[in-house]
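*Asks:* got a sequence here, can you build the structure:
(one chain, ligands or ions: 1)
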Amino acid sequence: MKILISNDDGISALGIRTLANTLAQAGHDINVVCPDRERSATGHGLTMHQPIRAEMVESIFHPAVKAWACDGTPSDCVKLALWALLDSPPDLVLSGINQGANLGTEILYSGTVSAAMEGLIEGIPSVALSLTSHKNKDFQPGANFAKIFVGQLAQNPLPELMLLNINIPAVKWEEIAGVCITRQGVRRYIDVFDKRVDPRGKTYYWLAGEVVEDVEPPVGLNLPENIPIDVHMIRKNYISITPLQYNLTYANGLNQLSEWNFKFP
Ligand SMILES: Nc1nc2c(ncn2[C@@H]2O[C@H](COP(=O)(O)O)[C@@H](O)[C@H]2O)c(=O)[nH]1
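*Replies:* Below you'll find the model as predicted:
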């Protein structure tokens, strides 16, 4: 398959290198267009009011991989690749392998997921891949899974266009309990803004924060409650696959608003 790979951890990240090299060695046509530096938690930001630059990069990836480093956001990278850099559309857009989970509400902030979502918006099947650890650097189990998954996608395409948000537990290959189709859970953070003073005496703040609990998503989302939740299955060392789409319409809200009887005076 012809595959476009992006990320939000930047061109030097081990996750994208392991993924791209593993898939190139498996014989896929791999094109990398990703940020030239760390762009985590940038969501789906686009660069509109200044130029975007992209330069080809040699000697980071397998010789068969064509790679560009871009000074834009993850979404800029995928848009630029599809509309300007690639000579033909890819069969698949991958993003990752991210250093850190993208589960539950983290999905909304994730540059990793947003890069893949950009592919979906352009009508291309897309997959976001995240290793659920900010410390573990062993991306090979996730890359091995991606090789198997992409191989099966090539033989048996998905019946409908969707984005697959795949989270890989940070364990050895033989410790992975299996693969589970999941629904998006909720991740709560205690956000901490570290208040500091710069060398010119001006106050600044730095966001940190920790996940404090994973909870059940609110009821009434019309999601089958028998489908397990992403955060729970990662805890059980399962690879979690959650189908996502970009239409955020809240189905139950449509019914409730129609019964609400709003009267325009
Ligand atoms: N302090 C907070 N950090 C958060 C919150 N929600 C997400 N996050 C972090 O952002 C990244 C986004 O993923 P990436 O794919 O862009 O790297 C995620 O891994 C979390 O670490 C939050 O509410 N507060």
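*Asks:* ok, residue 16 touching residue 4?
*Replies:* No. Residue 16 lies out of contact with residue 4 (CB atoms under 8 Å); the separation is 11.6 Å. The C-beta positions use only the backbone N, C-alpha and C, and glycine is treated the same way.
*Asks:* please enumerate the shared neighbours of these two.
*Replies:* Taking CB atoms under 8 Å, 6 or more residues apart in numbering as the contact rule, the neighbours common to residue 16 and residue 4 are residue 32.
*Asks:* A helix includes residue 40, no?
*Replies:* No. Secondary structure assignment places residue 40 outside any helix; it is coil (DSSP: H, G, I helix; E, B strand; the rest coil).
*Asks:* and it, how many neighbours?
*Replies:* A total of 18 residues lie near residue 40 under the criterion other CB atoms under 10 Å.
*Asks:* for residue 47, same thing?
*Replies:* For residue 47, the neighbour count with other CB under 10 Å is 15.
*Asks:* next up, the contacts around the residue nearest to residue 172 when sequence neighbours are not counted.
*Replies:* Sequence neighbours aside, residue 141 is the residue nearest to residue 172 in space, at 6.8 Å (criterion: CB to CB, 6 or more residues apart in numbering). Neighbouring residues of residue 141 by CB under 8 Å, 6+ apart: 168, 171, 172, 173, 176.
*Asks:* for those residues, which one is nearest residue 46?
*Replies:* Using CB to CB, residue 168 is the member of these that lies nearest residue 46, at 28.1 Å.
*Asks:* tell me which element the residue lying closest to that closest one once chain neighbours are set aside is part of?
*Replies:* Spatial nearest neighbour of residue 168, chain neighbours left out: residue 142 (4.1 Å); criterion: CB to CB, 6+ apart. With secondary structure defined by DSSP states H and E, residue 142 is part of helix 140-155.
*Asks:* can you give me the buried ones in that helix?
*Replies:* If you call a residue buried by 16 or more other CB atoms under 10 Å, then helix 140-155 has these buried ones: 140, 141, 142, 143, 144, 145, 146, 147, 149, 150, 153.
*Asks:* where does this structure dip in pLDDT?
*Replies:* Scanning the chain with the threshold set as pLDDT under 70 gives 213-215, 218-220.
*Asks:* got the contact list for whatever residue of it ends up closest to the ligand?
*Replies:* In the chain, the residue found nearest to the ligand is residue 209; the distance is 2.9 Å by CB to the nearest ligand atom. Residue 209 sits next to 189, 190, 191, 192 when contact means CB under 8 Å, 6+ apart.
*Asks:* quick check, nearest of those residues to residue 12?
*Replies:* Once CB to CB is applied, the member of the contacts of residue 209 that ends up nearest residue 12 is residue 189, at 26.8 Å.
*Asks:* confirm that the closest one sits in a strand.
*Replies:* Yes. Residue state for residue 189 (three-state DSSP) corresponds to a strand.
*Asks:* thought it was touching residue 210?
*Replies:* Yes. Look at residue 189 against residue 210 with CB under 8 Å: they come within range, at 6.7 Å.
*Asks:* which one of the two has more residues nearby?
*Replies:* Higher neighbour count among residue 189 and residue 210: residue 189, with 15 against 9, using other CB under 10 Å.
*Asks:* the more buried one bridge partners, please.
*Replies:* When bridges are taken as DSSP bridges, the partners of residue 189 come out as residue 211.
*Asks:* so how far is residue 172 from it?
*Replies:* In this view, residue 189 and residue 172 are 28 Å apart by CB to CB, to the nearest Å.
*Asks:* residues touching residue 14, list them.
*Replies:* 99, 137, 139.
*Asks:* can you select the buried ones among those for me in PyMOL?
*Replies:* Buried residues within those, by 16+ other CB under 10 Å, are selected in PyMOL with:
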select buried, resi 99+139
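*Asks:* need the contacts of residue 14 in a markdown table with distance to residue 160, can you?
*Replies:* Conversion of the contacts of residue 14 to a markdown table gives the following (distance: CB to CB, whole Å):
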| residue | distance to residue 160 |
| --- | --- |
| 99 | 30 |
| 137 | 35 |
| 139 | 29 |
